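1. What follows is a predicted structure for the sequence shown.
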Amino acid sequence: EFGLKPGTISTGKVVAALKALGFDYVFDTNFAADLTIMEEANEFVNRLTKGGDLPIMTSCCPAWVNFCESQYPDLTKYLSTCRSPQSMFSPIARYYFADKVLDKKPDEVSVVSIMPCVAKKYEVKREELGQDGIIDTDLSLTVRELARMIKSAGIDLENLEEENFDSPLGYSTGAADIFGVTGGVLEAALRTAYTDVTKEELPDDGIEFKAVRGFEGIKEATVNIAGIDVNVVAASSLGCARKLMDELRADIAAGKTPKYHIIEIMACPGGCVNGGGQPFTNGDYEKVKARGAGLYVIDKNKPQRKSHENEDIKKLYDEFLGERGGHNAHKYLHTHYFDKSNPYSKKNDVSLQTN
Ligand code: SF4
């Protein structure tokens with residue numbers, strides 16, 4: 001959009017551009033990605049150790065969630081109940097930051113998210129993602145829309161002085177950064193789940209799960225955690241998702257134990273770096289790969305690379321959420337799913353899904 005090389009790290013410039021456009025506070029969705037890992041890893045470990053439904057399937061991609069609800073409603077019980085980072089961030093901005101930090105009422109702030117994704121526009125309209133009649137996210141804009149806004153306002157992005165995210169919802173670990181590339185959510189979850197189960201930290205040279213990196217449609221690995229072989233798989237594209245869901249459905253019908261413990265699915269081939277709201281690549285997949293490589297560089301250079309090391313996340317639990325997976329965490333960070341296999345159901349009404 002601005003002539004920079006694909007994969008150029010431009011986070012600070014985007015913050016500066018958003019400030020120039022008039023936003024009072026600019027936070028990082030990656031803060032909520034760390035939060036997602038705290039809840040999702042906790043949910044996985046509970047299911048693993050207490051005999052819950054496995055595999056656990058990631059739920060941060062709304063296009064995949066919608067696909068699962070409409071095509072495989074019998075399998076939605078395997079979806080993690082965690083909301084996506086966008087939908088975790090918004091109630092935290094409204095009910096923690098606005099209420100507790102700014103001393104404003106939750107409906108006195110507008111929460112706008114910038115996403116790589118058009119399906120996130122649909123997600124914010126899901127009526128269960130709100131509290132007391134207030135929808136959590138007012139508006140979800142795509143990267144392309146933001147670029148258009150920056151250009152229309154005459155902002156010279158390339159020459160903007162970089163700015164930092166505001167605090168306290170602006171700090172994130174490297175685990176959060178890799179959410180944007182296929183396999184990243186899985187890798188981030190493993191970094192924290194390992195510690196949750198073993199009570200030990202992965203060594204610095206052991207936190208990169210390279211087997212789930214790369215742009216193949218389906219990538220599998222087995223990770224030994226405290227003597228348990230945990231089988232994981234990451235799929236990107238709904239075609240690959242269908243393959244995995246057909247296998248899972250067949251295994252269940254045959255009374256077999258499902259092959260995987262964790263399934264990550266991203267609807268866009270390559271993950272959000274190739275999202276429908278990103279600048280067009282005109283079929284040049286090398287640009288998508290360069291964006292993914294940029295995220296791994298950000299992860300590598302972060303002082304903390306595991307979500308449970310984020311001090312601001314710990315503070316959020318101490319001051320507001322309470323326990324991981326507890327009452328408030330469920331109220332603000334988790335959701336539920338619907339059977340959307342009937343195309344005439346109100347839940348499938350596309351008129352409700354425009355933004
Ligand atoms: Fe959106 Fe695509 Fe990312 Fe899914 S993979 S959240 S559809 S950008």
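-> Cool, the structure landed.

2. pLDDT score for Ser351?
-> Listed pLDDT for Ser351 reads 44.

3. Tell me how far the longest helix anywhere in the chain lies from the chain's centre.
-> Longest helix of the chain, by residue count under DSSP state H: helix 29-50. On the basis of Cα atoms, centre = their mean, to the nearest Å, helix 29-50 sits 11 Å off its chain's mean C-alpha point.

4. Could you see whether the ligand lies near that helix?
-> No: figure legend: helix 29-50 not in contact with the ligand (Cβ under 6 Å from any ligand atom); closest approach 11.1 Å. Backbone N, C-alpha and C define where each C-beta goes, glycine included.

5. Which positions in that helix come out as buried?
-> Going by neighbour count (16 or more other Cβ atoms under 10 Å), the buried part of helix 29-50 is 29-45, 47-48.

6. Over to stretch 208-227?
-> Quick answer for stretch 208-227 (16+ other Cβ under 10 Å): 208-209, 211-213, 215, 219-221, 223, 225.

7. Flag every residue of this structure that's near the ligand.
-> Checking the chain against the ligand by Cβ under 6 Å from any ligand atom, the hits are 61, 63, 116-117, 119, 266-268, 271-272, 275.

8. can we see that at 8 Å?
-> 60-64, 84, 115-120, 180, 236, 266-268, 271-272, 274-278 (Cβ under 8 Å from any ligand atom).

9. Would you list the phi and psi of the residue of the chain positioned farthest from its centre?
-> The C-alpha centroid of the chain is most remote from Ala254, which lies 32.6 Å away (Cα atoms, centre = their mean). The phi/psi pair for Ala254 (degrees, to the nearest 10) reads phi -90, psi 0.

10. Just confirm Asp34 contacts Glu311, I think it does.
-> No: using Cβ atoms under 8 Å, Asp34 is not in contact with Glu311; the gap is 10.6 Å.

11. on that earlier part again, taking the residues of the chain next to the ligand one by one, which sit in strands?
-> 115, 236, 266 (DSSP state E).

12. For the last one, grab the count of nearby residues.
-> Counted by other Cβ atoms under 10 Å, the residues lying close to Met266 total 30.

13. Over to Gly180?
-> Residues within reach of Gly180, counting by other Cβ under 10 Å, total 25.

14. and it, what does it touch?
-> Contact analysis of Gly180 by Cβ atoms under 8 Å, 6 or more residues apart in numbering lists 116, 271-273, 291-292, 295.

15. How about Gly294?
-> 6-9.

16. Surely it is in a helix?
-> Yes: assigned with DSSP: H, G, I helix; E, B strand; the rest coil, Gly294 falls within a helix.

17. State the distance from it to Thr257.
-> In this view, Gly294 and Thr257 are 39 Å apart by Cβ to Cβ, to the nearest Å.

18. From the contact counts, what lies against the worst-scoring helix or strand of the chain on mean pLDDT?
-> None of the helices or strands of the chain scores lower by mean pLDDT, DSSP states H and E than strand 130-131, at a mean of 89. Applying 3 or more Cβ pairs under 8 Å, 6 or more residues apart in numbering; DSSP states H and E, we find strand 130-131 packed against no helix or strand.

19. who does the following helix or strand past that strand pair up with?
-> Later in the chain than strand 130-131, the nearest helix or strand by DSSP states H and E is strand 134-135. Strand pairing for strand 134-135, using DSSP bridges, gives strand 130-131 (antiparallel).

20. quick revisit: from Asp53, how far off is the residue farthest from the centre of the chain?
-> Distance from Ala254 to Asp53, by Cβ to Cβ: 17 Å.

21. what's the answer for Gly217, then?
-> Distance, Gly217 to Asp53, by Cβ to Cβ: 25 Å.

22. quick one, strands of the stretch 151-300 of the chain?
-> Taking DSSP state E, counting those that start in this stretch as the criterion, the stretch 151-300 of the chain contains strands spanning 218-225, 228-236, 262-266.

23. Give me the sheet partners of the last one and which way each runs.
-> Strand 262-266 pairs in its sheet with strand 56-57 (parallel), strand 228-236 (parallel), by DSSP bridges.

24. residues in contact with that strand?
-> 44, 55-58, 61, 64, 78, 182-183, 185-186, 189-190, 212, 230-237, 240-241, 244, 248, 272.

25. any idea how far it is from the chain center?
-> 11 Å.

26. okay if I get the strands of the stretch 151-300 of the chain as a markdown table plus distance to Lys105 and mean pLDDT?
-> Shown next, in a markdown table, are those (distance: least, Cβ to Cβ, whole Å; pLDDT from 0 to 100):
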| stretch | distance to Lys105 | mean pLDDT |
| --- | --- | --- |
| strand 218-225 | 44 | 95 |
| strand 228-236 | 40 | 96 |
| strand 262-266 | 36 | 97 |
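
27. now these as TSV including distance to Lys287?
-> Shown next, in TSV, are the strands of the stretch 151-300 of the chain (distance: least, Cβ to Cβ, whole Å):
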stretch	distance to Lys287
strand 218-225	21
strand 228-236	16
strand 262-266	17
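
28. Contact partners for Glu309?
-> Per Cβ under 8 Å, 6+ apart, neighbours of Glu309: Thr173.

29. Distance of it relative to Glu201?
-> Taking Cβ to Cβ, one finds Glu309 at 9 Å from Glu201.
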